[in-house]
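> Please work out how this folds:
(one chain, ligands or ions: 1)
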Amino acid sequence: MDIRVFDNMDDLTQSFTDWLAERLTEKEYLTISLSGGSTPKRLFDHWASLPQGEIDWTKIKFFWGDERCVPPENEESNYKMTKDHLFNFVSVPEKNIFRIQGENEVEAEAERYATVLEQELESKNGTPVFDIMMLGMGDDGHTASIFPHEIALWESNRNCVAATHPESGQKRVSVTGKVINAARHVVFLVTGENKAEKIGEIVRQPNKAEKKYPAALVQPDSGNLTWFMDNKAAKLLKSSV
Ligand code: 6PG
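All right, here's what the predicted structure looks like:
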């Protein structure tokens, strides 16, 4: 895995933006799966502040790796966060935005979104293939909305599943491991000291970690896995990278 560590959030977001701009030179358009959380929020603020034309947003089709089961105007909606911090500031055609409809019944929406992915994305051996799968990691080792207590959902043969947040009980729609690992590029954006312990375990003891943490099961078939992290999250890696 390719691990990139930055001293601060500004350097991290700039480096990821440069990386994205490079991917944009490789294809006519890109399909990207976004994540929720505080790290992407700061990334989107950065993207919203870029000079017009620096990134051609019309060349990107936006999807989500997970969504909380709330209406799109709810503060907890990943779609709303993206709209408030990115789409309101850059010109993305409405037809390029494929949100998970958190207002729908969770199982029905998991099925519907699985079909959206099948219709809109290229596929390999029957699995939809994103160009870029952007992921975060929770301090419990979850990624997308596959949490440790439901780690078995990772292996589902479906594209999307209904998941449950361990503390709040909130229903979530999440893509599964097969969709994540089929993506051409998988990118983790991870910041904060509270992630350091799990990052240490995932990097140093991957075999042990993958039994416990969904984030450790992120092993793309393409081999293209890049971690963008700040030095707080990378705190315990100093001696190994
Ligand atoms: C969500 C996420 C989730 C997130 C991590 C990290 O909707 O909750 O997609 O998987 O990426 O919890 O979030 P932070 O960036 O806030 O640490």
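
> Please make it C-alpha for all contacts and neighbour counts, starting now.
OK.

> So which residues on the chain come close to the ligand?
By Cα under 6 Å from any ligand atom, the part of the chain that sits against the ligand consists of 35-39, 66-67, 135-138, 143-145.

> Repeat the analysis, applying 8 Å as the threshold.
When proximity is defined as Cα under 8 Å from any ligand atom, the chain approaches the ligand at 34-41, 65-68, 78, 135-139, 142-146, 189-192, 195.

> Filter these down to the buried ones.
34-37, 39-41, 65-68, 78, 135-139, 142-146, 189-192, 195 (16 or more other Cα atoms under 10 Å).

> so who does the residue lying closest to Ile32 once chain neighbours are set aside touch?
Nearest non-adjacent residue to Ile32, counting by Cα to Cα, 6 or more residues apart in numbering: Ile132, 4.7 Å away. When contacts are counted by Cα atoms under 8 Å, 6 or more residues apart in numbering, Ile132 is found next to 30-33, 183-187.

> Now do stretch 53-63: everything it contacts.
Contact partners of stretch 53-63, identified using Cα under 8 Å, 6+ apart, comprise 21, 24, 28-34, 90-93, 96-100.

> Give me the subset of the residues you listed lying in strands.
If you go by DSSP state E, those have 30-34 in strands.

> would you list every one of the helices in the protein?
9-24, 38-49, 78-82, 106-120, 177-182, 196-204, 206-212 (DSSP state H).

> tilt between the fourth one and strand 30-34?
Between the axis of helix 106-120 and that of strand 30-34 there is an angle of 160 degrees, by axes from the mean of the first three to the mean of the last three Cα atoms, to 10 degrees.

> which strands and helices sit next to helix 106-120?
strand 127-129, strand 160-164, strand 171-175 (3 or more Cα pairs under 8 Å, 6 or more residues apart in numbering; DSSP states H and E).

> and with 6 Å instead?
Applying 3 or more Cα pairs under 6 Å, 6 or more residues apart in numbering; DSSP states H and E, we find helix 106-120 packed against strand 160-164.

> So which residues lie in contact with the strand it packs on, not counting its own?
106-107, 110, 114, 170-176 (Cα atoms under 6 Å, 6 or more residues apart in numbering).

> my read: Asn159 touches Ala114, true?
Yes. Asn159 sits in contact with Ala114 when judged by Cα atoms under 6 Å, with a separation of 5.2 Å.

> Mind pulling up the pLDDT for Gly53?
Note on Gly53: pLDDT of 89.

> what do you get for Val241?
Looking at Val241, the pLDDT reads 44.

> mind exporting stretch 181-191 as CSV, just the C-alpha atoms?
What follows is stretch 181-191, C-alpha atoms only, in CSV (Å, rounded to 0.1, in the frame of the first residue of the first chain):
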residue,chain,number,x,y,z
ASN,A,181,-12.3,-3.9,-3.8
ALA,A,182,-13.3,-3.8,-7.5
ALA,A,183,-12.6,-0.1,-7.8
ARG,A,184,-9.7,1.0,-10.0
HIS,A,185,-8.3,3.2,-7.3
VAL,A,186,-9.2,3.1,-3.6
VAL,A,187,-8.2,6.1,-1.5
PHE,A,188,-8.5,6.4,2.3
LEU,A,189,-8.5,9.9,3.7
VAL,A,190,-7.9,9.6,7.4
THR,A,191,-7.1,12.3,10.0
